[in-house]
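Structure here, sequence nowhere to be found:
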């Protein structure tokens, strides 16, 4: 079969409905920062270096005591703070009003797309970075960042802790995975640069993460200290995506709690290491933007140093803000430790002023001192329909066919179809196209009791089907492929998570990777299953036998009579 011609990517979205931030001239920026800095007391400056979380979905006495009482520099919201778009827009407005007579706060969240999404209502939900990696499209990456930034600004956010610029070199990495664009340094650099430019062009403060890199490790820094075991040259190579965005004027970086002995000669985490933050980031890479730590309450930091002392060490090492999102007593501990360190001289007044200058410069440059439109006016303005289309374009361009027998993909017509899926939106999308399909939603992480019942029900469904589609998020669903195949039923696998598992599904007749379980991705998967769209995506990572760039292309509305020819070679051809 001749490969289908690749269509040119759609152009990026039109200019944003919200007013863009007008850049401040360098001299005027420096003058304004110095004027603001001169007004701040030591207590105010210590508050500015704190990025905190809050406990609920509205401003109460405890939130006011924290935010206004400590005059904090920023507030980071998480899922437990958000019920819907209107609620979080009003919460952001109330948080800003707490500091209306002082320095406006950063109002931040982690909105990466894929499996890290804090708000789903009134904002575009992107399929995620690895899906973008499969598209190979910097144009789509720019459009994604731009659309997401406009929607977040509409809800009152002025900072996003994204994108992830880690290169996922270790398939067993427990914390990065599909949050990365892929395992190719040039690909991550190109897409990361485009995404950052899109967000910043739309006026959103952008904090990329996790410097100096978390993608080659095999430990989760929430629970244990990852150690980068590569050589100095390899570690520096993994930093190229950060270099690329720094050269283009990145607003901020988040540090990683990882040890880099090849650079430092010890096992101290990068977050508190002056050789990494001051020597490497500030001096060698010449980064003059904002440096924010990852959560200081994560176990490798908190257990080793204590949260308060870790904050002092991090700021002394070169961090400008410390993230303390969870426990009220830890926020008090950090505030007291920083204040005590300044008064004792452990943290110099000059270093504190330098940190606050970086914070104030970012706030002035991105227009935080200009009051946003009233929340009612912002919410009354319709969102651009183009934003949702950006997510759909990414999802459709990411669909990657890894295997087919030439008979069961696209799905043959007139068959009794059974669907076993760990994501119900896949079943819904299939049912819309084939109302008679039998769908069994299975638990993504089944307990032992659930697993026995799941197998029993899956067996019954498979026996009533001619073809079985299995929607896989993690390794727990691999046994469903084996079970259905053992009953003589052809299996088509839709991989909605990390693609590394797909090679283990040897019993499947066809394997499709979409890299995400967000509805746009599952809708694209269903469209591909029924031949409505083609399979233009290419692997953004090595799977072993199937290498970076591999992908089988089946045109839309054309059933393959024989396995199609692959793009990419199964033995090499990776850009590095």
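That came in fine, so what should we check first? Keep in mind that this is a model prediction, so the values were computed, not measured.

dump the residue contacts of the residue nearest the centre of the chain.
Nearest to the geometric centre of the chain sits residue 112, at 2.8 Å (Cα atoms, centre = their mean). By Cβ atoms under 8 Å, 6 or more residues apart in numbering, the contact list for residue 112 reads 126, 128-129, 162-164, 179. Where C-beta positions appear, they are placed from N, C-alpha and C, glycine not excepted.

Can I get the buried ones among these as something I can paste into ChimeraX?
A single ChimeraX command selects the buried members of the contacts of residue 112 (16 or more other Cβ atoms under 10 Å):
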select :126,128,129,162,163,164,179
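
Next, format the contacts of residue 112 as CSV and append distance to residue 88 and pLDDT.
Listed next are those as CSV, based on distance: Cβ to Cβ, whole Å; pLDDT from 0 to 100:
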residue, distance to residue 88, pLDDT
126, 18, 98
128, 21, 98
129, 23, 98
162, 17, 98
163, 21, 98
164, 22, 98
179, 22, 97
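
For residue 37, state which of the contacts of residue 112 is nearest.
Among the contacts of residue 112, residue 162 lies closest to residue 37 (Cβ to Cβ), at 28.7 Å.

Residue 272 contacts residue 318, doesn't it?
No. Assessed by Cβ atoms under 8 Å, residue 272 is found out of contact with residue 318, at 9.7 Å.

isn't residue 320 right next to residue 292, touching?
Yes. At 6.9 Å, residue 320 counts as touching residue 292 under the criterion of Cβ under 8 Å.

What strand or helix carries residue 97?
Assigned by DSSP states H and E, residue 97 belongs to helix 85-98.

now do residue 555
For residue 555, there is no host helix or strand (DSSP H and E).

separation between it and residue 401?
Separation of residue 555 from residue 401 (Cβ to Cβ, to the nearest Å) stands at 11 Å.

Those two: who's more crowded?
Between residue 555 and residue 401, counted using other Cβ atoms under 10 Å, the more crowded position is residue 401 (24 against 18).

For residue 439, which non-adjacent residue is spatially closest?
Distances taken as Cβ to Cβ, 6 or more residues apart in numbering place residue 427 nearest to residue 439, at 3.7 Å, with adjacent residues excluded.

can you list the weak-confidence ranges in the protein?
Judged by pLDDT under 70, the chain has its weakly predicted residues at 1-26, 557-576.

repeat that for 80
By pLDDT under 80, the low-scoring segments of the chain are 1-27, 219-221, 556-576.

per-domain residue ranges of it.
Using automatic domain parsing, the domain parsing of the chain gives 26-383, 399-567.

what are the ranges of the strands in the stretch 101-250 of the chain?
106-109, 159-160, 205-211 (DSSP state E, counting those that start in this stretch).

I'd like the ones you listed as TSV, with mean neighbour count and distance to residue 541 appended.
What follows is the strands of the stretch 101-250 of the chain, written out as TSV (neighbours: other Cβ atoms under 10 Å; distance: least, Cβ to Cβ, whole Å):
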stretch	mean neighbour count	distance to residue 541
strand 106-109	26	27
strand 159-160	26	25
strand 205-211	26	18
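
got these as TSV, with distance to residue 506 columns?
What follows is the strands of the stretch 101-250 of the chain, written out as TSV (distance: least, Cβ to Cβ, whole Å):
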stretch	distance to residue 506
strand 106-109	40
strand 159-160	40
strand 205-211	34
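
and of the ones you listed, who's closest to residue 150?
In terms of Cβ to Cβ, the element of the strands of the stretch 101-250 of the chain nearest to residue 150 is strand 159-160, at 11.6 Å.

The closest one - contacts with which helices or strands?
Using 3 or more Cβ pairs under 8 Å, 6 or more residues apart in numbering; DSSP states H and E as the contact test, the elements touching strand 159-160 are strand 106-109, helix 138-154, strand 205-211.

okay, the ones you listed in a markdown table with distance to residue 281 next?
Converted to a markdown table, the helices and strands packed on strand 159-160 look like this (distance: least, Cβ to Cβ, whole Å):
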| stretch | distance to residue 281 |
| --- | --- |
| strand 106-109 | 20 |
| helix 138-154 | 22 |
| strand 205-211 | 7 |
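
what about these, which gets the closest to residue 546?
helix 138-154 (22.9 Å).

quick one: residue 336 and residue 307 touch, right?
No. Residue 336 is beyond contact range of residue 307, at 10.8 Å (criterion: Cβ under 8 Å).

the more surrounded of these two?
Relative neighbour count places residue 307 above the other of residue 336 and residue 307, with 23 against 13, counting by other Cβ under 10 Å.

And the more buried one, how close does it get to residue 87?
Between residue 307 and residue 87 the computed distance is 30 Å (Cβ to Cβ).

all strands of the stretch 301-450 of the chain, in order?
Here the stretch 301-450 of the chain has its strands, by DSSP E, counting those that start in this stretch, at 321-324, 400-403, 417-421, 438-441.

Check the ones you listed for me and report the most buried one.
Comparing the strands of the stretch 301-450 of the chain by mean neighbour count (mean count of other Cβ atoms under 10 Å), strand 321-324 ranks first with a mean of 28.

which residues touch that strand?
Residues contacting strand 321-324 (Cβ under 8 Å, 6+ apart): 48-53, 73-74, 76, 254, 290-297, 307, 310-311, 314-315, 330-331, 334, 355, 359.

For the spatially closest residue to residue 411 that is not a sequence neighbour, give me its contacts.
Excluding the flanking residues, the one nearest residue 411 by Cβ to Cβ, 6+ apart is residue 529, at 5.3 Å. Contact analysis of residue 529 by Cβ under 8 Å, 6+ apart lists 409-411, 430, 469, 492, 494, 512.

Give me the phi and psi for residue 529.
phi -60, psi -30 (degrees, to the nearest 10).

mind checking how far it is from residue 356?
For residue 529, the distance to residue 356 equals 55 Å [Cβ to Cβ].

Give me the buried positions along the helix holding residue 97.
By 16+ other Cβ under 10 Å, the buried positions in helix 85-98 come out as 85, 87-96, 98.

For residue 146, state which of these is nearest.
Of all these, residue 146 sits closest to residue 85, with 18.6 Å by Cβ to Cβ.

Give me the nearest residue to the closest one, chain neighbours excluded.
Counting by Cβ to Cβ, 6+ apart, residue 85 lies nearest to residue 122, which is 2.7 Å off, once chain neighbours are set aside.
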